[in-house]
Structure formats: structure tokens, C-alpha cells
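Enquirer: what follows is a predicted protein model with its sequence.
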Protein chains: 2
Amino acid sequence: MFEVIGERINTSRKNVQAAVSERNAEYIIDDVKKQQAAGANFIDVNAGARIGHEVEDMKWLINTIQPIATVPLCLDSPDPTVLEMAFQMVEKTPMINSISLEKERFDAMIPFLNEKNCKVIALCMDDNGMPSSSDDIVQRAIKLVEELNKIKIKTENIYIDPLVQPISTDVKKGVMVLDAVRAIKLKFPEVHISGGLSNISYGLPQRKIINRTFVSLMMAAGMDSAIIDPLDQKIMATIKTADMLLGHDNFCGNYLRGVRAGVIES
Amino acid sequence: MFEVIGERINTSRKNVQAAVSERNAEYIIDDVKKQQAAGANFIDVNAGARIGHEVEDMKWLINTIQPIATVPLCLDSPDPTVLEMAFQMVEKTPMINSISLEKERFDAMIPFLNEKNCKVIALCMDDNGMPSSSDDIVQRAIKLVEELNKIKIKTENIYIDPLVQPISTDVKKGVMVLDAVRAIKLKFPEVHISGGLSNISYGLPQRKIINRTFVSLMMAAGMDSAIIDPLDQKIMATIKTADMLLGHDNFCGNYLRGVRAGVIES
């Protein structure tokens, strides 16, 4: 079954930043409840945008969300100190967002993850920047899985983010990432493929139809998780429908519930 | 580039049957013009529904459509006599819909196709009925390609229809056909994959979102043609978007034209 990581609690979003700086708990609680009701399997929490405030903002957000969270959180920070604090506060084992192959980030994250038995998003980014070919993505994914396995993170707890790039600059960037996803799943059937999708449509008009069509293509290739806005009803409808078509929805139960709830429409 | 076979001129459709029996040329011409404007690459013509009238109905339809056809026709009949007559009437080399492995149909179609150098839709159907597994579909496709190659129909002119079956009876029917399409394209990179899609959603509510999500999954697997209603704006938008994402739309030109024409919307 496809796993949705709800992306909305991020202080880079204007309304969330305002709510966090005003300590408006009601706004945050309402948003998280909506994401959960819409089917989020994880709630991403990112407090990085107010420079110099990340520790106390993350602490306040976790304290605010924890009592009403019915799903695990996805702790989103490049700073292991912030992650360690947040990790100790949550009840359900969280997902960590994220490690990459960039030396500084990698060296900081490995000791932190070494103590944990948790799910982790692993970005196919290294000090050369974004990957430049399918094979480049695959090689970085292999390196990430190998390194995380070394510190006893199981392959089934690793969520590879292949780093979707815009097709407006190069129309082959879609096929590049789709081929990579297929190859990664062939090599590691248990690994998850996740990440953001909206970069694919950067620079083009009517972006949402591109994003939701792309998620179905990525699902056909093996993507089984994504960081998205669960309140975007059309992308959620596409995901539920594609999940059913790919054989992950016994007796079409989720699909039929979505239709009855009015969130899946022709 | 994905090829759309416009399915609307079929006497099993109530309005078309009425127009044909009244010899209402205006209705037919208007419908064909709309399909062409919407991006149909072929216009399917099926006159089979009025029992005993197929020959004269087909003749009238071709005479009516021929003067305004800017794309080739797809002559749709199980009867080689009807096909032979229609074949002689058209200006652009038509597509033939269809041959199958059912003995009677196969034996009747091979002598007809033997004289032709045309595109042909080849159904993965035999005297045992619908295929029962991915491998069954693949084996039937191989047989069809081999037999058509023997009568000098090039692989690149063969449009394999893997016969989509409803997931409402068995949720694995989607994966069954997707796996088969990938395997057929691996064995015959030049063959086309086409056919109807709407069987996939038979028995389920909100069928159109299922059909258009399925077409994108099929395109990811290698489908490059389909028999659909080009006036269904949402499925056409999905096809154009998926075709771009799969790298078949240089500089996103078709997509951008679709957006400007107002037929692709978020």
C-alpha cells in the first residue's frame, strides 16, 4: 500500500510560519487532523525556516502535534541535534528526513542514525550535486543502502529519494528517474522509493496535472511513497486509483471508500 | 508519440446508429471533424451493429467520411469481404481492426491481409477465450507477430491488443496486463501496443478516473496507442501529459499547445 508523507507542517509555508511564530496551536492541530483524515501515513514536521529558532520551534511543534497524532511523524531537519531532541519527544518511532551522500550531512547523520531503529529518507544527492543520469541515481542509491545497512538500518526501512528534476530544462529527465526507480527496485525489492514530485513540473503551466500524472508513472515504476500535500484531493484520488490498478487494494476497498467519501471523482 | 484511434464512429452507439440508418451525413461529418480536431490519429469505422446492413452501411460511412478525413481510417470488421470493399475505397492506407488467433477469424483474415501492406490490430484472443495470465498474453502476442511477419506485415505495423480485463473480478488483472506489455515490448521493441481500456473499470463506480489513470500506467509499461473517445478531454489531457513525461514531446510542445487550447487543466 502506498504511503503518503504529509508535507504541510513546514515553516517555509507562510501560514505555518505565522502560526508557529504566534504559537497558534489550534491552526497546527487543525492542519494535522485534516492531513490524517485525508489519508496521510506520516506527518512531516520541518521547523527550519525561521533562522535561529529551529530548536524551540521544533520542540513546540512536536508538543503541539504529539497529543493528536494518530500516525508517526517524519522529523525533517539536516541537524542531528534537532532530530535527537525531537526523536526523544515522540511516542511512535518516527521517520527521519533525511540523510544524503553529501559529506558533511552524511558524517553528521550516521552517528545519529547509528543509535536508532527507524525509517529514513535517503536522498541521492552527493557533493557533485544532483544526479546526472539514471545510472548515477542507481549508484548513489546502492551506496546509501550499503552505508545504512552497515549501521543496521534494514533495507525495508530505507526510503530512497531519487531526486526528481524538471522536464522543462530537459524532456528526458522524467525517463531518467523512472528508469532509475525500476533499476533500484530490481536490485533491492524491499527498499521504498519516496520523495517530492513537484520539481518535475517546474517552469511549466498547469503543474498539478503534470504532478499527478507523474506520480502514477512513478508508481508503475515502483515508487511506493511520496511527500505530498494530502489535501490535494486530485493527487490523492490518482494515488488511490493507481494503487488499486497495481493490485495493492484488495477487493478495491480503499478505492470504494474514497468514492463513497466523495474524494474520488471521474 | 502516442497514437489515438478515435472510437466514436461505431453503429453500436445509439446516436451513430440513428445517423447511419437515416443517412444523416452531417452528423457523421461533424463527429469525425471533432475527433480529428481533438487529436485522433486514426478514425475507427465500425458498421457491424445493424445486422444484415454492414456492407451498405460501411460503404456509406466511408463515402461520407473520406472527403473530410485528414487522418487514415481504421476499418473495423470481422468480415474480410467488408474490409476488402472498404480497403479499395479509402485514399490513405488504412489500419485494419482486427485479426485474432481464433481459428475462424484467423483463417479468414490471413488471406485478406496477405495482399496488403497496412497496419493491423492483433487481438490476444484465441479459441480458449481471454488470456488467463501474463505469460499467456505474451505467448499469444508472439504467435501473432510471427504469423503476421510470415505474410510480410512488418512488426512496426502490428498493434498488439493485450485485452484488458476488469479488476472488479480480480484485482491482479491490472498487473497481469501491465507485466505482459513490458515483456512484449522487451521482445519486440518495434511492435505497438494498443486496444481499448475501459474494460479495466467494468463494475466499479467513477470509471473515467480509473480508465485515465490506467492509460498512464499502461504508457509507463510501453503502450503507445489506444482506442478511445478523443472527445473525453480528461483522458486526452492525461495522455498528452504522460507522453511528455515519458520523453516523447520535444520541448513540451504538444503539452503547451494543449494548455493554450484549454484542453489541459490542473
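Expert: Nice, thanks for sending it over. Numbers count the residues shown, from 1 in each chain, chains lettered A, B, ... in the order given.
Enquirer: find the nearest non-adjacent residue to residue A:245, please.
Expert: With sequence-adjacent residues excluded and distances taken as C-beta to C-beta, 6 or more residues apart in numbering or on different chains, residue A:245 is closest to residue B:174, at 4.2 Å. All C-beta spots, glycine's among them, are computed from the backbone N, C-alpha and C.
Enquirer: residues near the closest residue to chain B within the stretch 1-150 of chain A, how many?
Expert: In the stretch 1-150 of chain A, the residue found nearest to chain B is residue A:134; the distance is 12.0 Å by C-beta to the nearest C-beta. Neighbours of residue A:134 under the rule other C-beta atoms under 10 Å in any protein chain shown: 20.
Enquirer: can you tell me how far the residue nearest to residue A:245 is from residue B:204?
Expert: 12 Å (C-beta to C-beta, to the nearest Å).
Enquirer: of those two, which one has the most company?
Expert: Taking other C-beta under 10 Å, residue B:174 and residue B:204 do not tie; residue B:174 has more neighbours (24 against 18).
Enquirer: how close does the more buried one get to residue B:41?
Expert: For residue B:174 relative to residue B:41 (C-beta to C-beta), the value is 25 Å.
Enquirer: how about residue A:7?
Expert: 39 Å.
Enquirer: one step back: between residue B:174 and residue B:204, which contacts overlap?
Expert: residue B:167 (C-beta atoms under 8 Å, 6 or more residues apart in numbering or on different chains).
Enquirer: low-confidence ranges, chain A, go.
Expert: Within chain A, not a single segment meets pLDDT under 70.
Enquirer: recalculate using a threshold of 80.
Expert: Along chain A, the model assigns pLDDT under 80 to residues A:115.
Enquirer: quick one, strands of it?
Expert: Ranges of strands within chain A are A:3-10, A:42-46, A:73-76, A:95-100, A:119-123, A:158-161, A:192-193, A:225-228, based on DSSP state E.
Enquirer: summarise which helices and strands the second one is packed against.
Expert: Translated: strand A:42-46. Secondary-structure packing of strand A:42-46 (3 or more C-beta pairs under 8 Å, 6 or more residues apart in numbering or on different chains; DSSP states H and E): strand A:3-10, helix A:25-37, helix A:54-65, strand A:73-76, strand A:95-100.
Enquirer: what's the angle from that strand to strand A:3-10?
Expert: Strand A:42-46 and strand A:3-10 are oriented at 30 degrees to each other (axes from the mean of the first three to the mean of the last three C-alpha atoms, to 10 degrees).
Enquirer: given strand A:42-46, what are its sheet partners and their directions?
Expert: Note on strand A:42-46: by DSSP bridges, its sheet partners are strand A:3-10 (parallel), strand A:73-76 (parallel).
Enquirer: list the contacts for the nearest residue to residue A:207 once chain neighbours are set aside?
Expert: In space, residue A:207 comes closest to residue A:201 once its chain neighbours are excluded; the distance is 3.9 Å by C-beta to C-beta, 6+ apart. By C-beta under 8 Å, 6+ apart, the contact set of residue A:201 is A:166, A:167, A:168, A:207, A:208, A:210, A:211, A:214.
Enquirer: what do you get for residue A:54?
Expert: Contacts of residue A:54 (C-beta under 8 Å, 6+ apart): A:47, A:48, A:77, A:79, A:82.
Enquirer: hang on, residue A:222 packs against residue A:192?
Expert: No - under the criterion of C-beta atoms under 8 Å, residue A:222 makes no contact with residue A:192, lying 9.3 Å away.
Enquirer: between the two, which one's more packed in?
Expert: Looking at residue A:222 and residue A:192 with other C-beta under 10 Å, you find the greater number of neighbours at residue A:192, namely 22 against 19.
Enquirer: hey, what's the more buried one bridged with?
Expert: With DSSP bridges as the criterion, residue A:192 is bridged to residue A:159.
Enquirer: OK, contacts around it?
Expert: Applying C-beta under 8 Å, 6+ apart to residue A:192 gives the contacts A:3, A:156, A:158, A:159, A:160, A:224, A:225.
Enquirer: quick one: those as JSON lines, columns for distance to residue B:145 too.
Expert: Formatted as JSON lines, the contacts of residue A:192 follow (distance: C-beta to C-beta, whole Å):
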{"residue": "A:3", "distance to residue B:145": "40"}
{"residue": "A:156", "distance to residue B:145": "40"}
{"residue": "A:158", "distance to residue B:145": "41"}
{"residue": "A:159", "distance to residue B:145": "40"}
{"residue": "A:160", "distance to residue B:145": "37"}
{"residue": "A:224", "distance to residue B:145": "34"}
{"residue": "A:225", "distance to residue B:145": "38"}
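Enquirer: let's have the residues you listed in a markdown table, adding distance to residue A:254 and neighbour count.
Expert: Listed next are the contacts of residue A:192 as a markdown table, based on distance: C-beta to C-beta, whole Å; neighbours: other C-beta atoms under 10 Å in any protein chain shown:
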| residue | distance to residue A:254 | neighbour count |
| --- | --- | --- |
| A:3 | 13 | 18 |
| A:156 | 22 | 12 |
| A:158 | 25 | 23 |
| A:159 | 21 | 27 |
| A:160 | 24 | 31 |
| A:224 | 14 | 19 |
| A:225 | 15 | 23 |
